[in-house]
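# Got a predicted structure plus its sequence, pasted below:
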Amino acid sequence: MERTFAIIKPDAVERKMAGKILDRIEAAGFTIVGMKKIKLSTAQAEGFYYVHNQRPFFKDLCAFMSRSPVITLVLEKENAIAAWRELMGATNPANAAEGTIRKEFAVNIEENSTHGSDAPETAAFEIAYFFSQLELV
Ligand code: ATP
Ligand code: MG
């Protein structure tokens, strides 16, 4: 069993699509072991996305991620990291495969509805950034 970290981003929560996305997550066999709705500050978004801090889209991305609440999740499944990225689809919904969450729900390359960790080290960092051990059940 592996754990990954996921976010239902502001664009999806604002459009009341969180329930549909959670349904897709459970239908794909993930167990939700942690979940909370929070509103990030700009500084918290910047800390979360620090690997992108030299990218031209960094400031906009952090403004987007902190403009309204998100739902943070820890998901468990065999090969959870790769399986969740596959279910999300490509970063840009224009390139996302049929049947993926970003294809169905995303607005554009920035407002792309969900986040997923990209490796075991980033999953560990991102889970610990938002959850304590006691909150994972
Ligand atoms: P995430 O890390 O959110 O799961 P990802 O791993 O598919 O997405 P990254 O390259 O890590 O993509 O980019 C992080 C986030 O930054 C993207 O999900 C998207 O919201 C935003 N982003 C990425 N590329 C661009 C871009 N060219 N223009 C605007 N926003 C972008
Ligand atoms: Mg990424």
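Thanks, I have it. Ligands and ions are numbered 1, 2, ... in the order given.
# Now do the SS call for Ala124.
helix (DSSP: H, G, I helix; E, B strand; the rest coil).
# Look at it and say how many residues are nearby.
13 (other CB atoms under 10 Å). (Glycine included, C-beta is placed from N, CA and C.)
# Can you give me the separation between it and ligand 1?
Distance from Ala124 to ligand 1, counting by CB to the nearest ligand atom, to the nearest Å: 15 Å.
# How about the contacts made by that residue?
Not one residue lies near Ala124 by CB atoms under 8 Å, 6 or more residues apart in numbering.
# and if we set it to 10 Å?
By CB atoms under 10 Å, 6 or more residues apart in numbering, Ala124 lies in contact with Arg3, Phe5, Ser117.
# so the first one is in which element?
Counting by DSSP states H and E, the secondary-structure element that holds Arg3 is strand 2-8.
# Check which helices and strands that strand sits against.
helix 18-27, strand 31-38, strand 70-77, helix 80-88, strand 114-116, helix 120-130 (3 or more CB pairs under 10 Å, 6 or more residues apart in numbering; DSSP states H and E).
# Output whatever helix or strand comes next after it in PDB with nothing but the alpha carbons.
Where DSSP H and E defines the elements, the next helix or strand beyond strand 2-8 is helix 10-14. This file holds the C-alpha atoms of helix 10-14, laid out as PDB (Å, rounded to 0.1, in the frame of the first residue of the first chain):
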ATOM      1  CA  PRO A  10     -10.400  26.200  -5.700                       C
ATOM      2  CA  ASP A  11     -11.800  26.100  -9.200                       C
ATOM      3  CA  ALA A  12     -13.500  22.800  -8.500                       C
ATOM      4  CA  VAL A  13     -14.600  23.600  -5.000                       C
ATOM      5  CA  GLU A  14     -16.100  26.900  -6.200                       C
END
